[in-house]
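K.L.:
quick check, what structure comes out for this input:
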Amino acid sequence: MRIGGAVERPYSGPDEWYKWVEELGYRAVLAPVSADAPKSEKEAYLACVKEHDLVISEVGAWCSPIAFDEKARKEGIAYCKKQLALAEELSANCCVNIAGNREAKWDSYCAANYEPDTYALIVDTVREIIDEVQPEKTFYTLEPMPWMLPTSPEEYLQLIKDIDRKAFAVHMDFINMINCPERFVKRDAFIEHCFKTLGPYIKSIHGKDINMGHQYPCVLEETMPGKGVVDYGKVMKLVSKLDVNMPFMVEHLPDHESYMEAASYVRKQAIQAGVELP
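P.N.:
Take a look at the predicted model:
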């Protein structure tokens, strides 16, 4: 596996960018350049990635392409196509988005997210994005979320079947699918189920941790790896059974030092579990 994450310090070119990547100990990275960058700049970053034997795990397409507002929906779809094209250009493992929220805030929740018409809209929208770009080297993926589809491995499998496109695959976020007390207390079995069910389709993985407070009715809180209750030795063993170059990306951290701490913790857990790292 290849452990990586975000670079939260500014950089002005590939050399400065790689200085931070090296300091963080990453072997997988997020796309370091935007879709609007000149071709020469993209080529320079790609040369740096190749020289240092890195993997570009993903290009983010964070928006809601299923919004009620037609203008916002069209803009979201256009952005997803643009980002998927960038992922193809960079030979990234995947382009990742969430399915989207029907109401105003793109990553929030609403009752309409669970309606049959919304499911059909997600299927049609993903098909449209993939069919427009026709990627051959990358995949379009949906990050699971606690309050929008897919919220379980079974829902993800159904989406794969119904979308029916070779370029649609899985971005694994097992923490986001721990969205109720039962999954929390049975987390070891649930995480194993996620990997067993979706393993052949996974292109990149987000690494986080979770706690549940003794509060009513229920409070689940995301935290960095090592600050919660997830058995990361077991997680590392599950990841190691996938592709040897599978990216495992720590995320949602405030600064460079936090990313360094989280990546270091995950690496140590992998080594202690007997997992070989590049």
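
K.L.:
and stretch 251-258, what's buried?
P.N.:
Neighbour counts over stretch 251-258 (16 or more other CB atoms under 10 Å) mark 251, 253 as buried. C-beta: built from backbone N, CA, C; applies to glycine.

K.L.:
where do the helices sit along this protein?
P.N.:
Remark: helices assigned in the chain by DSSP state H are 14-24, 39-51, 70-90, 116-133, 153-163, 181-185, 187-198, 232-240, 256-272.

K.L.:
among these, which comes closest to residue 221?
P.N.:
helix 181-185 (10.5 Å; CB to CB).

K.L.:
ok, and for the closest one, which residues are buried?
P.N.:
So for helix 181-185, counting by 16+ other CB under 10 Å, buried means 183, 184.

K.L.:
hmm, back to that, can I get the helices of the chain in a markdown table with distance to residue 248 and mean pLDDT?
P.N.:
Formatted as a markdown table, the helices of the chain follow (distance: least, CB to CB, whole Å; pLDDT from 0 to 100):
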| stretch | distance to residue 248 | mean pLDDT |
| --- | --- | --- |
| helix 14-24 | 13 | 98 |
| helix 39-51 | 17 | 98 |
| helix 70-90 | 18 | 97 |
| helix 116-133 | 24 | 98 |
| helix 153-163 | 18 | 98 |
| helix 181-185 | 21 | 98 |
| helix 187-198 | 12 | 98 |
| helix 232-240 | 6 | 98 |
| helix 256-272 | 7 | 98 |
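
K.L.:
just send those helices back as a markdown table, with distance to residue 6 too.
P.N.:
Formatted as a markdown table, the helices of the chain follow (distance: least, CB to CB, whole Å):
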| stretch | distance to residue 6 |
| --- | --- |
| helix 14-24 | 9 |
| helix 39-51 | 15 |
| helix 70-90 | 16 |
| helix 116-133 | 24 |
| helix 153-163 | 24 |
| helix 181-185 | 26 |
| helix 187-198 | 23 |
| helix 232-240 | 19 |
| helix 256-272 | 6 |
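
K.L.:
looking at those, which is nearest to residue 106?
P.N.:
helix 70-90 (7.6 Å).

K.L.:
closest to residue 172 out of the helices of the chain?
P.N.:
The nearest among the helices of the chain, by CB to CB, is helix 187-198 at 6.4 Å.

K.L.:
so what does the closest one touch, helix or strand wise?
P.N.:
Packing contacts for helix 187-198, counted by 3 or more CB pairs under 8 Å, 6 or more residues apart in numbering; DSSP states H and E, involve helix 153-163, strand 168-172, helix 232-240.

K.L.:
out of these, the one nearest residue 190 is which?
P.N.:
Closest among those, once you apply CB to CB, is helix 153-163, at 9.0 Å.

K.L.:
give me the buried positions along the closest one.
P.N.:
153, 156, 159, 160, 163.

K.L.:
just want the angle from that helix to helix 116-133.
P.N.:
60 degrees (axes from the mean of the first three to the mean of the last three CA atoms, to 10 degrees).

K.L.:
what about residue 216, how many neighbours?
P.N.:
Burial measure for residue 216: 6 neighbouring residues, criterion other CB atoms under 10 Å.

K.L.:
over to residue 149?
P.N.:
Neighbour number of residue 149 under other CB under 10 Å is 22.

K.L.:
for residue 179, same thing?
P.N.:
Residue 179 has 17 nearby residues by other CB under 10 Å.
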